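> Need a 3D model of the following:
(chains A, B, C and D)
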2 protein chains.
Amino acid sequence: MIDPSADRAVFRQLADLLRSQIETGDLAPGEPLPSERRLAQEHGISRTTVRQAIGQLRTEGLVTVDRPRGTFVRVPEPMEIVTLARGEKAGARMPTDAERRTHRLGEGVPVLVVTAADGTVTVHPADRVQLARP
Amino acid sequence: MIDPSADRAVFRQLADLLRSQIETGDLAPGEPLPSERRLAQEHGISRTTVRQAIGQLRTEGLVTVDRPRGTFVRVPEPMEIVTLARGEKAGARMPTDAERRTHRLGEGVPVLVVTAADGTVTVHPADRVQLARP
DNA sequence: GAAAATTTGTCCGTATGTATA
DNA sequence: ATATACATACGGACAAATTTT
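Just a heads-up that it's a prediction; the model follows:
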């Protein structure tokens, strides 16, 4: 239940609720969330607040939005292995807006950044690539 | 200049503007951004829209918010090297809400997830850890 | 110390646009 | 053509914490 008088913000309470439903499989991968209007009516809150909650889950990479079909639980991508060559270093960060578009990255998906000894940088979507030693 | 009639959403235009000021060093690390009200007045847009733009930069990990002092350009952390042992694989994802709290992670900071051959998983903040071969 | 101003956080309501079913 | 659903943008209001007066 969502309690407006609680300490935790309403939109966080709703995000927590949906997140736990995703984690328990109550909302399975590929399944749609209830529409924003549905959620707003069911919980007696405004659509703006619902959007804040869903926005939270989007930045966490838990859901994707297919506009205007709806919002869906993210389906895991098949993983590809990229080997880390000698002298290379790897880190991770969030992509810029431009990188998101060029690499067709979903929201809430970081990138793996591999830097070679000569400074060459390659970027991999972290939802499809894992690093390993050769 | 921000053009409300342009194809790109106003809040994205403002995010682009601020991002480029950060990239060029016009807004240096540790420096505060203008307040939300300032930005709204200067560009003739609503505070809601300004908050959307800043929210974008927060998810990209470019700025941090110290409420209610202001919003600041993120200061890079000193990097630590973690070696990837034989048989280990590494990936990256956004942290859960709980991980964010326990690791004191800022917004927009992914985690590096290292999985050993026996299934043991270790999590590292991506703003402070880079991976390398031994 | 006290009061006022500032700044971000949260929440609501409304309106319009755009793509899909 | 109608209805649905998400995206964008505006406005207002109050709370909480900090800084300034």
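> any idea how far A:Phe72 is from DNA strand C?
12 Å (CB to the nearest atom of the strand, to the nearest Å). Every residue, glycine included, has its C-beta placed from N, CA and C.
> now do A:Gln41
Counting by CB to the nearest atom of the strand, the gap from A:Gln41 to DNA strand C is 10 Å.
> Would you mind giving the secondary structure of that residue?
State at A:Gln41, reduced to three classes by DSSP: H, G, I helix; E, B strand; the rest coil: helix.
> neighbours around it, how many?
The number of residues packed near A:Gln41 is 13, by other CB atoms under 10 Å in any protein chain shown.
> which regions of chain A lie under the pLDDT threshold?
When residues are selected by pLDDT under 70, none of them lie in chain A.
> Check whether the closest residue in space to A:Leu27 that isn't next to it in sequence sits in a helix, strand or coil.
Once flanking residues are discounted, A:Leu27 sits nearest to A:Gln21: 4.5 Å by CB to CB, 6 or more residues apart in numbering or on different chains. At A:Gln21 the chain is in helix, as set by three-state DSSP.
> so what strands line up beside the strand or helix carrying A:His124?
Here A:His124, judged by DSSP states H and E, is contained in strand A:121-125. The pairing partners recorded for strand A:121-125 under DSSP bridges are strand A:111-115 (antiparallel).
> Near DNA strand D, which residues of chain A are found?
Contact residues (CB under 7 Å from any atom of the strand) of chain A with DNA strand D: A:33, A:35-38, A:48, A:51, A:65, A:67-71.
> Who wins on neighbours among the residues you listed?
Neighbour max across the residues of chain A next to DNA strand D (other CB under 10 Å) = A:Leu33, 21 neighbours.
> can you tell me how far that residue sits from A:Val121?
Per CB to CB, to the nearest Å, A:Leu33 is found 36 Å from A:Val121.
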